[in-house]
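Colleague: everything below, folded, please.
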Amino acid sequence: MVFFLKILLAHFLGDFTFQPYKWVKEKEKKKIKSIELYVHIGIHFLLLFIFIGFDIQKYWLGVLVIVGSHYLIDLLKLYLQKIKTNRTLFFL
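Modeller: Predicted coordinates for the structure are as follows:
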């Protein structure tokens, strides 16, 4: 349970605390070509690395799956979202 809370906290910090609104707008504008998208994903990797306690050897596959799926979900959301679907995609 503690492990889950750590990765959940890392996720919330990465998405809400360490992602300025300006980055969100740049990602929406440039999509896959946005540097902010890759910095955002890098921040998620770094936060997971820190919250797991630098025990990356034990959890490297899980971290890779989490970061990779976060990237794919963010990318999919960027291409699918419209003004009417913003909230729905956010909660999904």
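
Colleague: ok, and the helix or strand in this structure with the lowest average confidence?
Modeller: Every helix and strand of the chain was ranked by mean pLDDT, DSSP states H and E. The lowest is helix 86-91, at a mean of 63.

Colleague: so where's the chain uncertain?
Modeller: 54, 83-92 (pLDDT under 70).

Colleague: which residue is nearest the middle of it?
Modeller: For the chain, the residue nearest the mean C-alpha position is residue 70 (4.8 Å; C-alpha atoms, centre = their mean).

Colleague: in what helix or strand does that one lie?
Modeller: helix 56-80 (DSSP states H and E).

Colleague: list the buried residues in that helix.
Modeller: Applying a neighbour-count criterion of 16 or more other C-beta atoms under 10 Å, one finds 59, 63, 66, 67, 70, 71, 74, 75, 77, 78 buried in helix 56-80. For the C-beta atoms, the positions are set from N, CA and C on the backbone; glycine is no exception.

Colleague: which among those residues gets closest to residue 10?
Modeller: Set against residue 10, the nearest of these by C-beta to C-beta is residue 66 (8.8 Å).
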